[in-house]
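> build me a model from this:
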Amino acid sequence: QVQLVESGGGLVQAGGSLRLSCAASGRTFSKYAMGWFRQAPGKERAFVAAISWSGGMTYYADSVKGRFTISRDNAKNTVYLQMNSLKPEDTAVYYCAVRRGGYNPPSTDRADFGSWGQGTQVTVSS
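Take a look at the predicted model:
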């Protein structure tokens, strides 16, 4: 079973930047697509970004396209989410997750993801 640990969250002013990291262990990380999701208070967990096992394909939610960048370093078993031009509506707990099935393409569907991290809080003040 893979273990995921997110870090990098915090409090930032609108317009600022944060970089989230998700360190994975317990499985051959490089075989799996990865994703980032977020959950704001009172809302369902929503897709943010996903990346293929090789890093060559990425998907983004429309709300973050052009501001967020997902990337991965398979040598470090880590996936990143660079968040720029942050807005108050980006405030949420951010989770990383592993796509089910080795070498499957990335997905935007939460049901396609298995192991989840514990989440990291991102708060954007106006």
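> number of residues surrounding residue 46?
14 (other CB atoms under 10 Å). In this view, the C-beta of every residue, glycine as well, is placed from N, C-alpha and C.
> scratch that, residue 23 is what I was asking about
16.
> for residue 30, which three-state class applies?
Following DSSP: H, G, I helix; E, B strand; the rest coil, the label given to residue 30 is helix.
> let me know whether it touches residue 55 as I believe.
No: the criterion here is CB atoms under 8 Å, and residue 30 misses it with residue 55 at 9.4 Å.
> what touches both of the two?
residue 74 (CB atoms under 8 Å, 6 or more residues apart in numbering).
> list the contacts for the residue most central in space within the chain?
Note on the chain: the residue nearest the mean C-alpha position is residue 36, at 2.2 Å, using CA atoms, centre = their mean. Contacts for residue 36 (CB under 8 Å, 6+ apart) come out as 20, 22, 48, 49, 50, 70, 79, 81, 94, 95, 96, 97.
> need the pLDDT of the nearest residue to residue 34 once chain neighbours are set aside.
Once flanking residues are discounted, residue 34 sits nearest to residue 79: 4.5 Å by CB to CB, 6 or more residues apart in numbering. Note on residue 79: pLDDT of 98.
> so which elements touch the helix or strand hosting residue 79?
Per DSSP states H and E, residue 79 falls inside strand 78-83. On a contact count with 3 or more CB pairs under 8 Å, 6 or more residues apart in numbering; DSSP states H and E, strand 78-83 meets strand 18-25, strand 34-39, strand 46-51, strand 68-73, strand 92-99.
> apply 6 Å and report the result again.
Helices and strands touching strand 78-83, as assessed by 3 or more CB pairs under 6 Å, 6 or more residues apart in numbering; DSSP states H and E, comprise strand 18-25, strand 68-73.
> in that strand, what's buried?
78, 79, 80, 81, 83 (16 or more other CB atoms under 10 Å).
> nearest to residue 115, of those?
Nearest to residue 115 among the buried residues of strand 78-83: residue 79, at 12.4 Å, using CB to CB.
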